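> Fold the following, please.
(chains A and B)
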Amino acid sequence: MTVNAVPIILVDLVGSFLMIVISFLCLSMAARLRRRAPDEILWTYLWWVCLGMAGFSLSRSAGHILKQVLVLTDHREIWRVINPYSGAINTLMFILVASVTLYFERVWAAYQQILADKREIQAASRELVYLNQNLEELVTERTEALSRSEHKYRRIFELSRDIVMVTTVDGTILDMNPAGYSAFAGTERPRQTPVGSHIRGLLADPGDWAHIGRVIDANGFVTNAELVLRRPDGSERMALVSGSLDRSASGSDTVHLLIKDIEQRRQMERQLAQTDKLASIGEFSAGIAHEINNPLGIILGYTQLLLRREAGDSERYEDLKTIEKHVRNCKAIVEDLLNFARSSPPVKGRIDIHLIIDEVVQFIAQHARLEDVAIERRYGQQIPPLLLDEKKIRQVMMNLIMNARHAVGRHGTIRVETGLSPGQDAVQVRVIDDGCGIQKQDLIRIFDPFFTTKPTGQGTGLGLSVSYGIVRNHGGDIGVESTPGEGSTFTVTLPVDEEQAR
Amino acid sequence: MRLHVATSLVVAGLVTVVGDPAWATQTHGEPEGLVVHQMAHLFFAVSMGTLSYWLGARGLTVRRGWRYIRYGAVGLICWNLNAFIVHLLDEQTDLIGVQQVDPLTLFLAPRPGYELLAPLYYVVKLDHLWCVPAMIFLYFGLRCLLRESKAGDAPPEVS
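Reported below is the predicted structural model:
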């Protein structure tokens, strides 16, 4: 098959020429790119690729052109000599270009890393310049911020009414806020301090700390654990403790505790429970009293009817008198129960409380044996007349003062004080004695009906419960504070009539 | 130091000039150069394929300059395969005989049963139709990159 070789020769010659021209144009472009950014490794890489391509094109195309010229001019022998060298150089250039090209991925990775480093360095540089230019101002701002922060948290620490305490893991106290000093040292000044002592010494039951310590050790914190604190005066207070373990890199771990005194809340809860209990008992008692009162009236009526028919010196007359006496006792008890249950509404009139107290004190002074018992009266100024059921309030005063009389025994002092409440909206009558006091476990039951500490037959146990009912029926309140062996204080609070107050 | 250099040169000269062929060395006969050349073509094609792959994998081909460079790389792959076939037909097989009748005429004599090799041979001899466009794409790619660089576009930061 004979073919025309002209297209092949033409394409070879023109193509070779173009390869040289274009490859050097590419090299020129790459060189210009490189000049624009000499530090850009990517442009340097392209320049090397183009350099290889230019070398390859030059060696190959020059060989091809030379071959065509020598063949066309019938100098084949010369070409046979040159041919191996031309081919070898051409092969070397292939390998060079291919090798350089293969490095693209590595160059690209290096390029990206350089860019990332460059960005970081630029950012760090900008930050350094900024810090350098604003160092003094920044230090001042930071110092002020730290100072504000320190002041804020210091104030929280110092002004907290709850106890904030820092201890070691084993419970040795390291620091405590003024509320803590106040609770445990009796002063807010740190010089009289339990710091350095063990927290067990502040607890009524030292075993509480062992439990809390175990919980903190296991969980890293403790929440609302109940414990009883012992104050310097020996009194005990219920408290809730929350705390957490602060782990330190230096190994000196500490425990931060927040101790909240809940004694007052507990007392209020107890009072509330007591009030509810007394109200329930009152309703129950009123029901029974009403049912018993009527039959008692009938028994008393028939007894008195029979008494009229009997001779005064007969045995039957004496028996009927005994029945009458005990029925009257029963009616008195029922009456007391009704008073306690507030079933009978008070008949109120405007009266001076001091007059009632005076009458009661005089009555007791005349009828009770007061060998060595002093009754003092300290009346407050500007006590207004109160809207009271005189008879019932007298009964309350009688009960309280007689109880005080029994408490002091043969020797002692009873003091009756009056005064306005802090809000000026009530009158407080306090009956204070320095008698035997009331045991703590009895305090919560003292207003219960039929509760008495007196020997059997000496009291019905209704005096204080009746007084409680009467005072509550007047919109007031009655409370007691007592320390065994030191005495008791009963406080009756009676509201001031608003019209009168104005 | 100078003594060491002089000694080395003397030993090298003696070995080159007076030494006999040693059986321990391998001889390099005539076809070896062609085989190396063919392997270089394959190596060149593989390297261009690798470049083309990475340009795509790194997302650079979204930019026109790099896309043109990729086209150039693909063109050079085709050229290498074309050149490989030409060399194969020219010098490594007896499938086709080529005689120059005169400077402007060729006589192609394919083996019986391989007649299609004659037109194939003619076409693959026009190998510049692959490599010249490839170089043109490379040129346009570089020109685009230069323009982008002049326009202040950030250097490629594609992952």
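> For A:Q68, give me its contacts.
Contacts for A:Q68 were tallied using C-beta atoms under 8 Å, 6 or more residues apart in numbering or on different chains; they are A:9, A:12-13. Any C-beta I mention is one placed from the backbone N, CA and C, and that applies to glycine too.
> Apply 10 Å and report the result again.
Shown in contact with A:Q68 (C-beta atoms under 10 Å, 6 or more residues apart in numbering or on different chains): A:8-10, A:12-13, A:16, A:79, B:103.
> can you check A:I401 too?
A:357, A:360-361, A:363-364, A:368, A:375, A:414, A:416, A:431, A:433, A:490.
> cool, and A:E310?
A:E310 neighbours (C-beta under 10 Å, 6+ apart): A:316-321.
> Can you point out the helix or strand that includes the residue nearest to the spatial centre of chain B?
For chain B, the residue nearest the mean C-alpha position is B:H41 (3.8 Å; C-alpha atoms, centre = their mean). Using DSSP states H and E, B:H41 falls within helix B:31-57.
> That helix - contacts with which helices or strands?
helix A:76-102, helix A:104-159, helix B:64-87 (3 or more C-beta pairs under 10 Å, 6 or more residues apart in numbering or on different chains; DSSP states H and E).
> any idea how far it is from the chain center?
On the basis of C-alpha atoms, centre = their mean, to the nearest Å, helix B:31-57 sits 7 Å off its chain's mean C-alpha point.
> just stretch B:81-97 next, same as before
Worked out by C-alpha atoms, centre = their mean, stretch B:81-97 lies 15 Å from the chain centre.
> For that stretch, buried residues please.
B:81-87, B:89, B:96 (16 or more other C-beta atoms under 10 Å in any protein chain shown).
> before we move on, what about stretch A:83-100?
Within stretch A:83-100, the residues scored as buried using 16+ other C-beta under 10 Å are A:86-87, A:89-91, A:93-98, A:100.
> show me what contacts A:D352?
Shown in contact with A:D352 (C-beta under 10 Å, 6+ apart): A:358, A:379, A:383-386, A:388, A:390.
> Looking at the residues you listed, which is nearest A:L25?
The closest of the contacts of A:D352 to A:L25 turns out to be A:P384 (C-beta to C-beta; 115.9 Å).
> if I've got this straight, the closest one is in a helix?
No: applying DSSP: H, G, I helix; E, B strand; the rest coil, one finds A:P384 to be coil, outside a helix.
> burial measure for the residue of chain B found nearest chain A, as a count.
Ranking the residues of chain B by distance to chain A (C-beta to the nearest C-beta) places B:H128 first, at 2.4 Å. Neighbour count of B:H128, defined by other C-beta atoms under 10 Å in any protein chain shown: 24.
> Make sure it is actually in contact with B:W79.
Yes: if you go by C-beta atoms under 10 Å, B:H128 and B:W79 touch, sitting 8.4 Å apart.
> Now the common contact residues for the two.
Shared contacts of B:H128 and B:W79, counting by C-beta under 10 Å, 6+ apart, come down to B:M135.
> Tell me which stretches of the stretch 151-300 of chain A form strands.
A:163-168, A:173-176, A:221-230, A:236-246, A:254-261 (DSSP state E, counting those that start in this stretch).
> would you turn these into TSV with mean pLDDT, distance to A:I446 and mean neighbour count?
Formatted as TSV, the strands of the stretch 151-300 of chain A follow (pLDDT from 0 to 100; distance: least, C-beta to C-beta, whole Å; neighbours: other C-beta atoms under 10 Å in any protein chain shown):
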stretch	mean pLDDT	distance to A:I446	mean neighbour count
strand A:163-168	90	32	20
strand A:173-176	87	37	19
strand A:221-230	88	23	15
strand A:236-246	89	20	18
strand A:254-261	90	25	20
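> Of all those strands, which one comes closest to chain B?
It is, among those and with distance given as C-beta to the nearest C-beta, strand A:236-246, at 43.6 Å.
> Could the C-alpha coordinates of that closest one be exported in PDB?
Only the C-alpha atoms of strand A:236-246 are listed here, as PDB (Å, rounded to 0.1, in the frame of the first residue of the first chain):
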ATOM      1  CA  GLU A 236     -28.700  22.600 118.400                       C
ATOM      2  CA  ARG A 237     -29.900  23.700 115.000                       C
ATOM      3  CA  MET A 238     -31.100  21.700 112.100                       C
ATOM      4  CA  ALA A 239     -29.200  22.400 108.800                       C
ATOM      5  CA  LEU A 240     -29.000  21.400 105.200                       C
ATOM      6  CA  VAL A 241     -25.500  20.900 103.800                       C
ATOM      7  CA  SER A 242     -24.500  20.900 100.100                       C
ATOM      8  CA  GLY A 243     -21.000  20.700  98.900                       C
ATOM      9  CA  SER A 244     -18.600  19.600  96.200                       C
ATOM     10  CA  LEU A 245     -15.100  18.400  95.900                       C
ATOM     11  CA  ASP A 246     -12.600  20.800  94.300                       C
END
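> just checking, what packs against it?
strand A:163-168, helix A:207-219, strand A:221-230, strand A:254-261, helix A:263-309.
> Export the ones you listed as TSV, with columns for distance to chain B.
As requested, the helices and strands packed on strand A:236-246 are exported to TSV (distance: least, C-beta to the nearest C-beta, whole Å):
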stretch	distance to chain B
strand A:163-168	51
helix A:207-219	46
strand A:221-230	45
strand A:254-261	48
helix A:263-309	63
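> hey, least reliable of those by pLDDT?
Among those, helix A:263-309 carries the lowest mean pLDDT, a mean of 80.
> what inclination does that one have with respect to strand A:221-230?
With axes from the mean of the first three to the mean of the last three C-alpha atoms, to 10 degrees defining the directions, helix A:263-309 sits at 50 degrees from strand A:221-230.
> circling back: for the residue of chain B closest to chain A, which non-adjacent residue is closest in space?
Excluding the flanking residues, the one nearest B:H128 by C-beta to C-beta, 6 or more residues apart in numbering or on different chains is A:G15, at 2.4 Å.
> do the same with A:K321
That would be A:L307: by C-beta to C-beta, 6+ apart, it lies 7.0 Å from A:K321.
> I'd assumed A:Y317 was in contact with the one you found.
Yes: counting by C-beta under 10 Å, A:L307 touches A:Y317, with 6.6 Å between them.
> my guess is B:G97 is in a helix, correct?
No: B:G97 sits outside any helix when classified using three-state DSSP, being strand.
> low pLDDT regions in the stretch 101-250 of chain A?
A:186-194 (pLDDT under 70).
> For it, which residues are neighbours of chain B?
A:101-105, A:107-109, A:111-112, A:115-116, A:119 (C-beta under 10 Å from any C-beta of the partner chain).
> if I pick the residue of chain A found nearest chain B, what's in contact with it?
The nearest approach of chain A to chain B comes at A:G15, 2.4 Å away (C-beta to the nearest C-beta). Remark: with contacts taken as C-beta under 10 Å, 6+ apart, A:G15 is in contact with A:61, A:64, B:126-132, B:135.
> Please report the number of neighbouring residues for residue 107.
Went with chain A since none was named. Quick note: A:V107 (other C-beta under 10 Å) scores 18 neighbours.
> not quite, I wanted chain B
Count around B:F107 with other C-beta under 10 Å applied: 15.
> Give me the domain ranges for chain A.
When chain A is parsed with automatic domain parsing, its domains come out as A:6-102, A:160-261, A:267-340, A:349-501.
> ok so, going back, so for A:K277, which of the strands of the stretch 151-300 of chain A sits nearest?
strand A:236-246 (20.4 Å).
> and the angle for the closest one with helix A:207-219?
Going by the same axes, to 10 degrees, strand A:236-246 makes 20 degrees with helix A:207-219.
> Now the helices and strands packed on strand A:236-246 in a markdown table, please, with extra columns for distance to A:A407.
Shown next, in a markdown table, are these (distance: least, C-beta to C-beta, whole Å):
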| stretch | distance to A:A407 |
| --- | --- |
| strand A:163-168 | 36 |
| helix A:207-219 | 35 |
| strand A:221-230 | 27 |
| strand A:254-261 | 30 |
| helix A:263-309 | 21 |
